[in-house]
Structure formats: structure tokens, C-alpha cells
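> Predicted model follows, preceded by the sequence.
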There are 2 protein chains.
Amino acid sequence: MRYKAGLQTRDRIIEATRGLIAETGLEGTTIKAICERAGVLPGSFYNLFDSKEQAVLTVVRDAIDAVDPDPRHQGPDSLADLVDAYVQFVTEQSELARVYIGIAVSGSRGHPELRGRVIRHHEGRVARFAGAISAEHPEMSADDAGRRAETLVTALNGIALHRVLDPDFDVATHARSLLTDILTLA
Amino acid sequence: MRYKAGLQTRDRIIEATRGLIAETGLEGTTIKAICERAGVLPGSFYNLFDSKEQAVLTVVRDAIDAVDPDPRHQGPDSLADLVDAYVQFVTEQSELARVYIGIAVSGSRGHPELRGRVIRHHEGRVARFAGAISAEHPEMSADDAGRRAETLVTALNGIALHRVLDPDFDVATHARSLLTDILTLA
DNA sequence: CTCAAATTAGAGTGAAGACTCAAATACTGA
DNA sequence: TCAGTATTTGAGTCTTCACTCTAATTTGAG
């Protein structure tokens, strides 16, 4: 992979793999299908990847990262921004969202590394949401903020899950309702 | 399947299939694996089922039904009861919960019947939750109750999803928090 | 008890899967 | 330009899958 032809081919293979995982799941993601979609022959595939698994894991890792595009950014996000970012991810990158949810359920089996990665990622997101909640509701205890953050993030994943099932599901509206409900104080 | 030996064998096959789907996903659910786990040979399997798919679909339909064990019961459920029932399902029948969530994501592809079934089932659940909310909060508009019910059910599925990832996740606590938050009026 | 039907045994089939390899071709640094 | 490496080709291997088939065994109604 030193010539640009190789890099381009690699990109096409990754793209084809991502599309197939999103559209047909791991079941339909065969070497044959990947190669056809990428316009490549098996030999080329194996010149660039050690195994099918390697290509799949690359796609999955990208999907996990895409959920939260800027994890290092420590700035003071508003809660609404965080929620909107997730809504945008779920609706605009629905392929990756599908991969993310799918892998969270089934793909983590046999891949403890992925499971750990998803869980750690989730914890990071909860922390960020908790920070935003605390900032906007200084009167709330840290414990309470953390609990609400965890509930909120988990529930948002539920919304994403449902959207995978029903493409017409109104993600934005429900996400905002959720936010309002969870932060309405008695 | 007229002799009791056949019925027992059928039960063992279904049980084995359910366990395999939950533990290894559809990927690891092969005829060989099912037969080994059930203590049966392929010939017996195909004497009782037309195809592997038939056995899998049987398990999946059971899982969907188990989410809401008594859908006809029109009595005045309390919201807390409904939530508790789901918590109980998720924690005590985690195998079926895994199957349900897994199928919601990937298994519905290529099986429009299943997708429709899951969505209809979801709508039924939302209606039931909405009824309970309205009963407990007569001052709330029907629209508002419906919206909150949809958010609640979807968020509960998110909790179930997370529990599939992390067996230590405290489903009961989060489900109750969610209920409180969503029904706290400004 | 008996016999037809149900069930089980277990080797075998064809298709499809992931992956390999040696030869041909394309690319690029020197 | 050209030598050497990267890339592509495409037929081929080996494994596993779902599923079949025939013969043997078990069941239970009459």
C-alpha cells in the first residue's frame, strides 16, 4: 500500500464494506459481495487486508468514533448541542448509526475489544452530558446530574434503535421531548 | 409430530436454538450447533422443521410475544406495573431480550413480516403506556400522554439495549428514574 | 400383539464461504 | 528509461453450511 492506486482501492473496499454492513448486516457482507461492490477481485482484497474481519473491524471502529466526532473537545457544550449532534449523526449518517447499533447488540460477541470500546465510549459520552447538565443546572447534585445523563444517553440510544427499525421515526422531535422531560424539575 | 417423543425433541430444538441465538447471534446458530446442543441429528431436525429459518422464526416470535406477555388484558395497568413488567422481562429473560433487540436491529432485514410485527407490537405497547399515563394524569392532553408514552417505551428499549452490552447495568434503577423524569410535570 | 406411521440415525450432496497463489501488469523512484 | 516493488488477476483450495435420503428403530392405536 505504497502507491496511490492501493489507497484508492482500500477506500473503495472500506466504503463497500460499510454500505453492505448497513444494508444487509454482517450476514450479507461476504468477500464476494464486497469485491463486486468495490469493483475488485479477491486477490486485491487480500493484498490490502489480512482478513475480512480486519475490514469489518475498521468500519466498526469508524462507526463508533463517528457517534461522537470530537471527544477531546473539552469546551462547554450546551446540552442541546450534544443532543442535536447525536440527532444529526443518527439521521444523516444512518449507515454508520446502523452499524453502531448493530454491533452494540451482536457484533460485540466474540470481540471483547469492541465491547469494551463501546462501553468506554458510552461512559465518556455520559460524562460529557453530565458536565453539560451540571453547567446548566448548578443547583443539581453531581450524582443527580450523572444519573440523568446516563438515563438521557441510554434513552437516546433507544431512539436510534427505533429509527433503525422505522426510518420514518421522528428522531429530532423525540430527542428534544426527551431532553425536556428529563430536565424538567419538579 | 404426533408422538410425544417428537414433541419433546421439538422443545429441545427450540430451546437450543433460543440459547444459541442469544449467546452467539444468528451467525453461530448453525444446524450442526443446534443439533449438538439439542442432542439430535440433522435428520431428526428436518423431520420436525422444514428449514433452519422456521426454527429461528419460531424463537423470534416467542421473544416478541414475551416482551408483553398479556397484550389482551385490557385492565387498568398502573404505569409502574408496566415498567416493572418490562424490567422483569429484560433481567429475568435476558436470552429472549437479546433475541428481541438483536432481531429489531438486523434480523428484520429480509423478513418484512418480522419488522412489521415488531413495529406493530411497539405501537400496541405505546398505546397501553399512553392509557396508563392518561389515567394517572387526567389533566394531561391525550397528545402529550401519547408523546410521553412513545418516548418512555423507546427509552426503555434503550435501557434494554444497554443491558445487552453491559450485564451489570442497573436496569431497574434506570427504568424507575426514567419513569420519574418523564412524568415530572413542570 | 401387531403393524403402520412417526421418529431417529448418520453418511452424503451441492452450494457458498473465506482465503491462497503464481503469473501478469502497473506504478514510481532513481 | 528501467529495475524493483506494488498491485491486480482469476482460477483454485479447503472448509462449512443447509439440507437430503434410506435404512433402522421406536411408538401407540386397535
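Perfect, I can see it now. The shown structure was predicted, so the numbers you read here are calculated from the model rather than taken from an experiment.

> so who does the residue nearest to residue A:169 when sequence neighbours are not counted touch?
Distances taken as Cβ to Cβ, 6 or more residues apart in numbering or on different chains put residue A:163 closest to residue A:169, at 4.6 Å, once the chain neighbours are dropped. To be clear about C-beta, it is placed using only N, CA and C from the backbone, and glycine gets the same treatment. Applying Cβ atoms under 8 Å, 6 or more residues apart in numbering or on different chains, one finds that residue A:163 lies in contact with A:90, A:91, A:94, A:97, A:169, A:171.

> Dump those into TSV; add pLDDT, neighbour count and secondary structure as well.
Shown next, in TSV, are these (pLDDT from 0 to 100; neighbours: other Cβ atoms under 10 Å in any protein chain shown; DSSP: H, G, I helix; E, B strand; the rest coil):
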residue	pLDDT	neighbour count	secondary structure
A:90	91	26	helix
A:91	91	17	helix
A:94	83	16	helix
A:97	85	23	helix
A:169	93	20	coil
A:171	96	21	helix
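
> and the residues you listed, which two are the farthest apart?
Greatest spatial distance among the contacts of residue A:163 (Cβ to Cβ): A:97 and A:169, at 11.9 Å.

> need the contacts of residue A:163 in CSV with distance to residue A:84, can you?
Shown next, in CSV, are the contacts of residue A:163 (distance: Cβ to Cβ, whole Å):
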residue, distance to residue A:84
A:90, 11
A:91, 11
A:94, 16
A:97, 15
A:169, 17
A:171, 11
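
> just curious, which of those residues is nearest to residue A:63?
Closest to residue A:63 out of the contacts of residue A:163 is residue A:97 (7.8 Å), distances taken as Cβ to Cβ.

> Distance from the chain centre to the lowest-mean-pLDDT helix or strand in chain A, please.
Every helix and strand of chain A was ranked by mean pLDDT, DSSP states H and E. The lowest is helix A:94-102, at a mean of 82. A distance of 6 Å separates the centroid of the chain from that of helix A:94-102, by Cα atoms, centre = their mean, to the nearest Å.

> tell me which residues in that helix are buried?
For helix A:94-102, burial by neighbour count (16 or more other Cβ atoms under 10 Å in any protein chain shown) applies to A:94, A:95, A:96, A:97, A:98, A:99, A:100, A:101, A:102.

> will you turn the residues you listed into CSV that also has distance to residue A:83?
CSV is the format used below for the buried residues of helix A:94-102 (distance: Cβ to Cβ, whole Å):
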residue, distance to residue A:83
A:94, 17
A:95, 21
A:96, 18
A:97, 15
A:98, 20
A:99, 21
A:100, 17
A:101, 17
A:102, 22
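
> Same list, those residues, but as TSV with distance to chain B please.
Converted to TSV, these look like this (distance: Cβ to the nearest Cβ, whole Å):
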residue	distance to chain B
A:94	13
A:95	13
A:96	14
A:97	11
A:98	8
A:99	10
A:100	10
A:101	5
A:102	5
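
> now, among these, which is nearest to residue B:34?
Compare each of these with residue B:34 using Cβ to Cβ and the shortest gap goes to residue A:102, at 22.9 Å.

> what about residue A:40, which SS state?
Here residue A:40 is coil, with the state taken from DSSP: H, G, I helix; E, B strand; the rest coil.
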